[in-house]
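K.L.:
structural data only, the sequence is not supplied:
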């Protein structure tokens with residue numbers, strides 16, 4: 001049995017994804033026995049949202065499509081973990097939330113074109129978040145600690 005994992009990235013610079021891939025370079029042979037990546041568009045083209053044990057979600061939510069996708073992810077996972085500052089707090093991806101009225105009016109046509117939400121939001125403004133791994137990029141040591149915690153919690157045995 002393996003931990004069914006999804007890795008998702010929304011509005012951010014995707015630095016936590018890069019950190020995760022670097023961690024995979026070091027831990028691939030260990031993790032291939034423990035983790036089943038059901039959804040990870042950076043690594044594979046055939047992805048599934050179904051039956052996720054854990055969804056690691058990076059980035060803030062800036063448009064309606066991202067909001068709907070996040071809700072689907074939440075429906076299909078047992079635990080949802082916010083990864084990185086943008087997912088945890090909304091910042092720095094939410095800079096436009098603090099624009100003055102003149103600037104907001106100036107960019108409104110872009111927001112309309114891409115069906116953006118009025119505010120860029122952290123994940124917890126939209127769905128229940130079970131855990132947080134902050135940092136920009138994510139705190140690598142905390143991520144490894146949490147991943148080991150989930151492997152034990154879901155009773156994944158190293159094959």
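P.N.:
Cool, the structure landed. Please read these numbers as outputs of a predicted model, since none were measured by experiment.
K.L.:
contacts, neighbours, all on C-alpha from now
P.N.:
OK.
K.L.:
what about the longest helix along the chain, distance to the chain center?
P.N.:
Criterion DSSP state H: the longest helix present in the chain is helix 15-31. With C-alpha atoms, centre = their mean, to the nearest Å as the basis, helix 15-31 stands 15 Å off its chain's centre.
K.L.:
against residue 87, how distant is the nearest residue to residue 71 once chain neighbours are set aside?
P.N.:
Counting by C-alpha to C-alpha, 6 or more residues apart in numbering, residue 71 lies nearest to residue 127, which is 6.6 Å off, once chain neighbours are set aside. From residue 127 over to residue 87 the distance is 11 Å, taken as C-alpha to C-alpha, to the nearest Å.
K.L.:
who has more neighbours, these two?
P.N.:
For residue 127 and residue 87, the more surrounded residue by other C-alpha atoms under 10 Å is residue 87, and the numbers stand at 31 against 16.
K.L.:
what kind of secondary structure is the residue located most distally from the centre of the chain in?
P.N.:
Most distant from the centre of the chain: residue 102, at 32.1 Å, with distances by C-alpha atoms, centre = their mean. Following DSSP: H, G, I helix; E, B strand; the rest coil, residue 102 is assigned to helix.
K.L.:
not counting its own residues, what contacts the longest helix of the chain?
P.N.:
Residues outside helix 15-31 that contact it (C-alpha atoms under 8 Å, 6 or more residues apart in numbering) are 9, 58, 83, 84, 136, 137, 138, 140.
K.L.:
report the beta-bridge partners for the residue nearest to the spatial centre of the chain.
P.N.:
Residue closest to the mean C-alpha point of the chain, counted by C-alpha atoms, centre = their mean, is residue 57 at 1.2 Å. When assigned by DSSP bridges, residue 57 has beta-bridge partners residue 8, residue 82.
K.L.:
distance of it from residue 73?
P.N.:
Plainly put, residue 57 is 9 Å away from residue 73 if you go by C-alpha to C-alpha.
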